[in-house]
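K.L.:
For reference, the sequence and a predicted model appear below.
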Amino acid sequence: MNICRYTILSLLVSVLFFACSQNPPLGSDLLKESELLYNNENYRDAIKMVDSSIVLLTGHSFCLAWALNQKAACLTKLGEYNNALILYAKSDSLITETEPGRVELKALNLGGAGVCYYELSDYPAAKNAFEKELKINISLYGKNNGHTARNYNNLGNCFSDRGLVDTALQYYFTALGIYKRIGEGEALNAAMTYKNIGRTLKYGGRYWESLKYLDTCLMIRKKFYGNKKHENMADSYINLGKGFLAVNEIDKSLYLHKKALLSVNPNSIPEKFQIVMAIDDIGNCYFELGDYIRAQRFYEYALNTRRSFLPHHHPNILTNYASIGECYRANGQLDSA
């Protein structure tokens, strides 16, 4: 799933940075460059730029805290969650000690940490971070805005992934209501919430109802992206494909997952996550069809791809090993399993 799945927002960048000082210090241009690189998904280069800026920001505590947050955001996008958590904590500690009134950055650190905890499946820690972020955002912006809607959406994720369907749906519908009141400007975030409602209904066994929400998400994204390749389009095809797999519509599921593979840029780090997810699910389709040899090939390909950009202990890599073992077991190769 994706966090609001799990995205790090580059919010208030210019306002926050130029609040560092009426005369921005040396290193400010490098931070602005790193922001552009981040937005263009050049995360490794953005990290290099941030590292260069940090050297020049000694004595400017708020700007240094912001730089640490930016580096953490890049690491989060690269799947280096534990390293990102260290930097979010350092940024938060620095801002707490020197400028505790800068709660906007505290909220960003909490949100980023929540994403990392979520991706590491530490749902209680993620929930705690998102609840603290929500409290700050309500104090800053009120109850009905994109910031708080994102918080409700992310809190829903923490309950959904633990199988607490009714609680998760309460958070999601709260978020969706806010997005609807805001209007077109939040269409993509509303689409994310439709997706999360759909996948949660699927978890609760309400498969056909789930498909309606997943299809609504796809339609909103199609309207926004058109024929452009984008990870969000792949995400919609994958989730709708999972929905059809759940109701045993294997051919439709295979078709949608193959559409997902055609909707991504294989050189983009975030879209590699979508690629391996689609490959995994194609393996799941063939497993359900009883074609265990072909399923195993897709699981192994997904595993090798994940190894190229994720740490070896990442939960998704462990899941791949388990899937491959199931294929061996289904083929009667118990020793290999």
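P.N.:
Good, I have the coordinates.
K.L.:
from here on, contacts and neighbour counts on C-alpha atoms
P.N.:
OK.
K.L.:
which regions of the stretch 201-337 of the chain lie under the pLDDT threshold?
P.N.:
267-271, 334-337 (pLDDT under 70).
K.L.:
any idea where the strands of the protein begin and end?
P.N.:
Counting by DSSP state E, the chain forms no strands at all.
K.L.:
residues in contact with the nearest residue to residue 321 once chain neighbours are set aside?
P.N.:
Take residue 321 and drop its neighbours on the chain: the residue closest to it by Cα to Cα, 6 or more residues apart in numbering is residue 303, 7.5 Å away. By Cα atoms under 8 Å, 6 or more residues apart in numbering, the contact list for residue 303 reads 317, 320-321.
K.L.:
hmm, 10 Å instead?
P.N.:
Residues near residue 303 by Cα atoms under 10 Å, 6 or more residues apart in numbering: 276, 279-280, 297, 316-321, 323-324.
K.L.:
With respect to residue 106, which of these is nearest?
P.N.:
Using Cα to Cα, residue 316 is the member of the contacts of residue 303 that lies nearest residue 106, at 29.6 Å.
K.L.:
picking that back up, give me the ChimeraX select line for the contacts of residue 303, limited to the buried ones.
P.N.:
Buried members of these, defined by 16 or more other Cα atoms under 10 Å, are picked up in ChimeraX with:
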select :276,279,280,297,316,317,320,323,324
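K.L.:
Can you convert the contacts of residue 303 into a markdown table and add a column each for distance to residue 261?
P.N.:
A markdown table is the format used below for the contacts of residue 303 (distance: Cα to Cα, whole Å):
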| residue | distance to residue 261 |
| --- | --- |
| 276 | 9 |
| 279 | 8 |
| 280 | 11 |
| 297 | 16 |
| 316 | 18 |
| 317 | 20 |
| 318 | 23 |
| 319 | 20 |
| 320 | 19 |
| 321 | 22 |
| 323 | 20 |
| 324 | 21 |
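K.L.:
Run through the stretch 1-150 of the chain and note the low-pLDDT ranges.
P.N.:
Residue ranges of the stretch 1-150 of the chain with pLDDT under 70: 1-28.
K.L.:
rerun at 50
P.N.:
Regions of the stretch 1-150 of the chain meeting the criterion pLDDT under 50 cover residues 1-2, 4-18, 21.
K.L.:
Narrow the contacts of residue 303 to those in helices?
P.N.:
Among these, the members found in helices (DSSP state H) are 276, 279-280, 297, 316-321, 323-324.
K.L.:
just those now: which is nearest residue 68?
P.N.:
Comparing those against residue 68 with Cα to Cα places residue 316 closest, at 27.1 Å.
K.L.:
Report the distance from stretch 165-175 to the chain centre.
P.N.:
Chain-centre distance of stretch 165-175: 18 Å, with Cα atoms, centre = their mean, to the nearest Å.
K.L.:
which outside residues touch it?
P.N.:
Against stretch 165-175 from outside (Cα under 10 Å, 6+ apart): 144-162, 176, 178-179, 189-190, 192-205.
K.L.:
For PyMOL, write a command that selects the buried ones of those.
P.N.:
Those of those that count as buried under 16+ other Cα under 10 Å are selected in PyMOL with:
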select buried, resi 144+145+146+147+148+149+150+151+152+153+154+155+156+157+158+159+160+161+176+178+179+189+190+192+193+194+195+196+197+198+199+200+201+202+203
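K.L.:
and residue 316, what does it touch?
P.N.:
119-120, 276-277, 302-303, 306-307, 310, 322.
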